[in-house]
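Novice: Below is the sequence, then the predicted model.
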Amino acid sequence: MLFELKRGKFTAETVEKQKNGRIIKGIGGSYTILLEEGGSVFAKPRGIFRNRKVIPTVGDYCAVEPSGDPDIPYTIVSIKERKNLLIRPSVANIDVLIIAVSTTDPEPDLKLLDKLLILCPKLDITPLIWLTKTDLSREKADALIKIYSDAGFRVEQSSHDQILPKEKIREIFSGNTVGIAGQSGVGKSTLCHRLTGMDHIEVGDISERLHRGKHTTRHVEIFPFEGGFLIDTPGFSSLDVDRIGIEEADLLGGYPELLRIAGKCRFLDCRHNGELGCAVEESGISDGRLARYREFLDIILEKSKKYGK
Ligand SMILES: Nc1nc2c(ncn2[C@@H]2O[C@H](COP(=O)(O)OP(=O)(O)OP(=O)(O)O)[C@@H](O)[C@H]2O)c(=O)[nH]1
Ligand SMILES: [Mg+2]
Ligand SMILES: [Zn+2]
């Protein structure tokens, strides 16, 4: 049977045919959907999303239906509930964030690292600290690895000419959507190339392109890789941690070593900020991490005083 839709002709059969997929790219309101059944199609969202203020986002799992428009042959009809959503860069359903930190050149920005480590659990993202340029300073590399693995984080490392074992790469990606964050110049693109063998992917900061004077507006894209996805996006470094709204309750999420001493301090609500009978020494936290924790705590407490929370 043939019947008329607003834009084109369809058989009843095709109209009924919904397919599940994932948005892997979005430009100017139209999206590329990787279908569960294989292959990819172009789609436009149904107007309903705009009314409900849901913007289809790269990384979204969705269902599509034929649209009748030969240029954009599918319509996104529903979007599955998201695990998380980042605004800048705009990407949904991230599982793992590789935080690249170089031993030197540039000097590691440990404040950025600790902020990202606080942010990850809040968004249900598993952080993976990746120490790069270990060939430039083995000593610094070992010191950082000790601090952060003692704290309770997974730390991987790579040097200039190191080959990464296939099994490790597979294990990281398998079923996961993985992003790479870190300061400019730490080696994100290099790491990405080592991980995937793909050259055309440009992870990392937008500043590089800005300096080169190339076009700066880039879209977000995710690539299927080893049973998971790699997020190719600039701007993770400028991920606006301060805007995400870290509250006091979130802070400890970035400090597994402080969580381990729960109940050991004299006061149950101890902030580990110089209180009487505080057991912070027992946590084994490094001086630097403790200082940064207290700095973040001050900022949060100051803010909540200002807004009377
Ligand atoms: N010695 C050494 N140099 C490295 C290593 N990894 C990357 N580099 C070098 O560091 C420089 C920056 O690497 P990129 O991969 O471009 O860094 P990026 O993080 O993508 O930088 P942006 O795109 O500006 O954010 C390049 O010259 C790389 O060759 C490493 O493990 N050891
Ligand atoms: Mg780069
Ligand atoms: Zn305490």
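Specialist: Yep, it's here. Ligands and ions are numbered 1, 2, ... in the order given.

Novice: Specify the local secondary structure of V101.
Specialist: Using DSSP: H, G, I helix; E, B strand; the rest coil, the three-state assignment for V101 comes out as strand.

Novice: what's around A92, how many residues?
Specialist: 23 (other CB atoms under 10 Å). No exception for glycine: its C-beta is placed from N, CA and C like everyone else's.

Novice: Check H160 too.
Specialist: 11.

Novice: Can you name the helix or strand that it falls in?
Specialist: Under DSSP states H and E, no helix or strand contains H160.

Novice: And the longest helix that the chain contains, what's buried?
Specialist: Looking across the chain with DSSP state H, the single longest helix is helix 287-306. Buried residues in helix 287-306, counted by 16 or more other CB atoms under 10 Å: 289-290, 292-293, 296-297, 300.

Novice: could the residues you listed go into a markdown table alongside distance to I87?
Specialist: Formatted as a markdown table, the buried residues of helix 287-306 follow (distance: CB to CB, whole Å):
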| residue | distance to I87 |
| --- | --- |
| R289 | 27 |
| L290 | 31 |
| R292 | 24 |
| Y293 | 25 |
| F296 | 21 |
| L297 | 25 |
| I300 | 20 |
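
Novice: and which of these is nearest to ligand 1?
Specialist: Relative to ligand 1, the closest of those is R292; by CB to the nearest ligand atom it sits at 22.1 Å.

Novice: Flag the shaky bits of this protein, pLDDT-wise.
Specialist: The model of the chain has pLDDT under 70 over residues 1-16, 199-218, 233-244, 308-309.

Novice: interface residues of the protein facing ligand 3?
Specialist: 265, 270, 272, 278 (CB under 5 Å from the ion).

Novice: Which member of those residues is positioned nearest ligand 2?
Specialist: H272 (36.8 Å; CB to the ion).

Novice: coming back round to it: include distance to ligand 2 when you put the buried residues of helix 287-306 into CSV, please.
Specialist: Listed next are those as CSV, based on distance: CB to the ion, whole Å:
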residue, distance to ligand 2
R289, 27
L290, 32
R292, 26
Y293, 30
F296, 28
L297, 33
I300, 32
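
Novice: my guess is K44 is in a strand, correct?
Specialist: Yes: K44 forms part of a strand when assessed by three-state DSSP.

Novice: tell me the contacts of it?
Specialist: Residues near K44 by CB atoms under 8 Å, 6 or more residues apart in numbering: 29-31, 67, 69, 72, 74-76.

Novice: per-domain residue ranges of the chain.
Specialist: Following automatic domain parsing, one gets these domains for the chain: 2-81, 91-232, 247-306.

Novice: Need the winner for burial among these.
Specialist: Mean neighbours per residue, mean count of other CB atoms under 10 Å, is largest over the domains of the chain for domain 91-232, with a mean of 18.

Novice: Once you drop chain neighbours, what's closest to I163?
Specialist: Leaving out its chain neighbours, the residue that sits closest to I163 by CB to CB, 6 or more residues apart in numbering is R194, at 7.8 Å.

Novice: Is that neighbour in contact with D161, as I believe?
Specialist: No: the criterion here is CB atoms under 8 Å, and R194 misses it with D161 at 10.0 Å.

Novice: Looking at this protein, which strand is longest?
Specialist: In the chain, with assignment by DSSP state E, the single longest strand is strand 19-27.

Novice: tell me what the following helix or strand past that one is packed against?
Specialist: Downstream of strand 19-27, the next assigned helix or strand under DSSP H and E is strand 30-35. Counting contacts by 3 or more CB pairs under 8 Å, 6 or more residues apart in numbering; DSSP states H and E, strand 30-35 is packed against strand 19-27, strand 40-45, strand 61-66, strand 74-79.

Novice: May I have strand 30-35 as PDB, with CA atoms only?
Specialist: Extracted C-alpha coordinates of strand 30-35, given in PDB (Å, rounded to 0.1, in the frame of the first residue of the first chain):
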ATOM      1  CA  SER A  30      21.400  17.200  10.700                       C
ATOM      2  CA  TYR A  31      22.900  14.100  12.100                       C
ATOM      3  CA  THR A  32      24.800  11.000  11.100                       C
ATOM      4  CA  ILE A  33      23.400   7.900  12.800                       C
ATOM      5  CA  LEU A  34      25.400   4.700  13.100                       C
ATOM      6  CA  LEU A  35      22.700   2.000  13.000                       C
END
